[in-house]
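K.L.:
fold the following.
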Amino acid sequence: MEQGISQEDRGIMGGESKIIAIDTEWAKGKPWCLSLSDTPGSSLVVMAGDEYPLKMVKGICARSDVLTLLHNALYDLPVLAQMGIHPYKIADSMIMAYLLQTEPQGLKQLAYRHLGMEMNSYPEMVGPATRKKVIEYLQVASCLEWPKPPLVLEYRKGVPHVRQPQPIGKRINRILSDVQKSDDTDPYARWRQLGDTDEVERVLGVLHEADLSDIPYESAVRYAARDADATLRIYNVLWPRIVEMGLEDTFWRDMRAVPMVVDMMANGMPVDVREFEKLSGYFQQRMDLIQRKIQILVGKHLDDQVVNPASHDQMGELIYDKLMLHEKGGRHKSRKGAVKKSTANEILKRYVHLNPVIQDIIDWREYAKLKGTYSDAIPKLASLDGRIRTTLRITRTATGRLSSSKPNLMAQPTRSEEGRKVRDCYVCQPGRVFVSVDYSQVEMRVAANDSKDERMLNIFWRGEDIHAKTASAMFGLPEDSLDEMRHRYPAKRVGFGILYLITAEGLQRELAVATGDPQWTVDKCKHMIEAWFDIYPGVAAYMKSVGEYAKRYGYVRDMWGRIRFIPGIRSTNSWVRMEAERQAGNAPIQMGAQGVIKEAMGRLVPVYREINKEIGYCQPLIQIHDDIVWEMEEWMVPIVQPRIKQVMEGVAPADFIIPLKVDAKVGSKWGSLEKWK
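P.N.:
The predicted structure follows:
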């Protein structure tokens with residue numbers, strides 16, 4: 001292991017190597033170093049300030065004949081970019097482990113399992129320094145005077161109580177006392193748990209954990225160097241298995257999508273914080289009105305206590321002990337063996353037709369969720385540039401979908417009119433617009449292609465409305481007599497539900513909520529699922545054949561080559577086996593649809609980067625399900641949207657016999673996009 005690079009260095013620096021492994025470290029809010037290895041057992045560490053060595057690394061990584069190995073490229077690529085390093089071709093050993101499905105994704109766990117390398121974790125390295133740093137910070141804080149916290153109004157079983165929170169200084173002293181008593185006390189975790197530390201951090205600065213720059217230099221360098229070495233060695237273990245299982249194409253498809261995912265995280269979603277604040281006020285007004293209405297309706301049943309719709313105990317007492325609604329219909333337990341009488345929404349929806357207060361309780365809770373989860377929380381996460389940046393992952397789901405967290409931008413509400421108001425707080429700056437480019441019924445098209453169901457194939461070849469055709473056959477009505485909510489929508493939900501492993505119980509809950517009709521029963525939904533398979537028998541036969549394949553080989557494979565292991569397919573437990581059979585039948589369709597999206601993302605990277613250079617601002621913001629959301633200058637839409645559409649509709653493999661169709665919507669607010677003509 002060496003720090004820096006001299007002219008005598010051979011291997012990578014001499015141009016002999018075609019594969020190098022690189023890892024990066026971050027400290028004090030900026031890149032701290034990188035380590036690289038081209039020979040197992042050795043590694044070089046280059047500090048972020050060493051301009052000449054970094055320039056050499058930049059030149060090496062930019063070569064078309066060099067493959068740069070990373071472990072968690074979504075983290076390392078932005079750090080390398082800040083160092084001016086942009087690898088020409090990358091491979092991610094974390095994605096290799098993810099695709100194999102039988103391996104841990106953490107580098108240190110992989111290194112221990114396959115190489116016998118015992119590597120310290122990052123918390124183990126910086127933990128002692130963090131502890132010392134936090135104790136010193138708290139000791140200073142304990143010597144200062146802090147204002148008395150304001151009184152807090154609380155409700156206990158519907159009765160208001162005023163509570164005086166404990167002063168911050170007293171709680172700081174308790175942490176210091178516990179630290180003296182036990183080495184097991186984590187002062188940093190305790191500090192974060194306090195919650196209301198803003199006043200202290202405004203005076204003393206934000207308390208951060210220690211990083212590599214806070215520990216002895218030699219220890220930090222050795223820690224950094226081992227990661228690059230381990231990455232190279234793990235690649236040599238995992239790549240032959242990727243090849244053996246026929247996952248090369250799948251791996252490179254995922255890798256080609258990585259640059260767009262990195263750009264999405266860097267770009268973020270533009271938000272209007274003031275609109276969020278107004279929306280919070282509106283949600284609170286609605287909650288207050290509904291709460292007063294509930295108070296008038298049922299307060300007498302609770303001895304005129306203050307009604308708190310958020311209290312499951314109080315609502316349980318009201319619904320079951322006072323109104324006795326469970327005796328008039330439905331059941332009161334959320335699952336078999338439950339002890340408490342449930343007030344979960346899925347249970348309350350069965351009582352909506354028995355008493356109007358139930359809908360009020362549901363509505364109040366919905367507003368409370370919209371306010372607490374979205375309109376109150378999202379603005380706090382906005383950066384100084386007015387954008388929300390999420391963490392995206394491509395190694396979390398079994399079907400290849402992306403996932404989003406901190407915050408989950410993929411879970412912003414869409415179904416209800418009130419929920420869509422949250423999306424309307426995501427607003428482009430003047431002169432720019434959102435462009436949503438969405439695959440039309442891509443899962444259905446993959447199902448038709450894979451199953452070769454004649455009826456479904458003909459519908460797509462003719463460009464007809466598959467949901468209207470399904471509803472017409474399911475309900476025995478001509479298409480011009482179909483009602484959207486009574487016929488077409490239920491048929492649509494059945495079709496998509498089947499592709500996403502829906503049960504009759506799950507379908508019943510969805511239809512009862514979406515249509516507002518409590519008469520949807522589990523038996524009725526079960527018959528609808530059976531009717532759907534009768535209409536498209538080729539799909540049923542295909543799913544059965546895929547299940548047989550899974551029983552034989554233990555996994556299924558989609559049209560792109562991605563595999564999913566189905567361990568429960570050979571279980572002696574009939575319920576486990578039935579669930580595994582459903583997964584086996586649906587997985588190739590879901591994975592195949594995501595393969596379409598991933599292929600499109602990879603092909604679009606050079607397209608939008610060229611547009612940014614030659615035309616104007618055009619950036620991807622988020623990929624959700626079958627949709628890629630873009631932000632671009634408004635005048636560019638007629639020029640750029642057709643190019644994106646053309647790429648997305650042309651990504652199907654050569655043997656895909658169904659045309660792909662893409663729809664576009666445009667608008668300055670995410671929740672109010674309009675179809676592009």
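K.L.:
quick one: what helix or strand has residue 305 in it?
P.N.:
Per DSSP states H and E, residue 305 falls between elements, in no helix or strand.
K.L.:
my read is that it contacts residue 294, right?
P.N.:
No - the pair residue 305 / residue 294 is not scored as a contact, 11.8 Å apart, by C-beta atoms under 8 Å. For every residue, glycine as well, the C-beta is placed using N, CA and C.
K.L.:
the stretch 101-250 of the chain: helices as residue ranges?
P.N.:
Assigned by DSSP state H, counting those that start in this stretch, the stretch 101-250 of the chain shows helices spanning 107-115, 122-142, 168-181, 187-194, 198-204, 217-244, 248-267.
K.L.:
any chance of these in TSV, with mean neighbour count too?
P.N.:
Formatted as TSV, the helices of the stretch 101-250 of the chain follow (neighbours: other C-beta atoms under 10 Å):
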stretch	mean neighbour count
helix 107-115	18
helix 122-142	16
helix 168-181	16
helix 187-194	16
helix 198-204	13
helix 217-244	19
helix 248-267	19
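K.L.:
in CSV: these, plus mean pLDDT and distance to residue 609.
P.N.:
Output for the helices of the stretch 101-250 of the chain, formatted as CSV (pLDDT from 0 to 100; distance: least, C-beta to C-beta, whole Å):
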stretch, mean pLDDT, distance to residue 609
helix 107-115, 97, 29
helix 122-142, 95, 33
helix 168-181, 94, 49
helix 187-194, 92, 39
helix 198-204, 92, 39
helix 217-244, 97, 27
helix 248-267, 98, 8
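K.L.:
for the ones you listed, give me TSV that also has distance to residue 658.
P.N.:
Output for these, formatted as TSV (distance: least, C-beta to C-beta, whole Å):
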stretch	distance to residue 658
helix 107-115	39
helix 122-142	47
helix 168-181	62
helix 187-194	51
helix 198-204	55
helix 217-244	29
helix 248-267	19
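K.L.:
where exactly do the strands run in the stretch 251-400 of the chain?
P.N.:
Assigned by DSSP state E, counting those that start in this stretch, the strands in the stretch 251-400 of the chain fall at 269-270, 387-388, 391-393.
K.L.:
out of those, which comes closest to residue 83?
P.N.:
Closest to residue 83 of the strands of the stretch 251-400 of the chain is strand 391-393 (C-beta to C-beta; 21.2 Å).
K.L.:
nearest to residue 375 among the helices of the stretch 101-250 of the chain would be which one?
P.N.:
Smallest distance to residue 375 across the helices of the stretch 101-250 of the chain (C-beta to C-beta): 20.2 Å, for helix 198-204.
K.L.:
give me every residue that touches the nearest residue to residue 273 once chain neighbours are set aside.
P.N.:
The shortest distance from residue 273 to any non-neighbouring residue, by C-beta to C-beta, 6 or more residues apart in numbering, is to residue 379 (4.5 Å). By C-beta atoms under 8 Å, 6 or more residues apart in numbering, the contact list for residue 379 reads 271, 273, 276-277.
K.L.:
pLDDT value on residue 379, please?
P.N.:
Per-residue confidence at residue 379 stands at 95 (pLDDT).
K.L.:
again with residue 322
P.N.:
Looking at residue 322, its pLDDT stands at 89.
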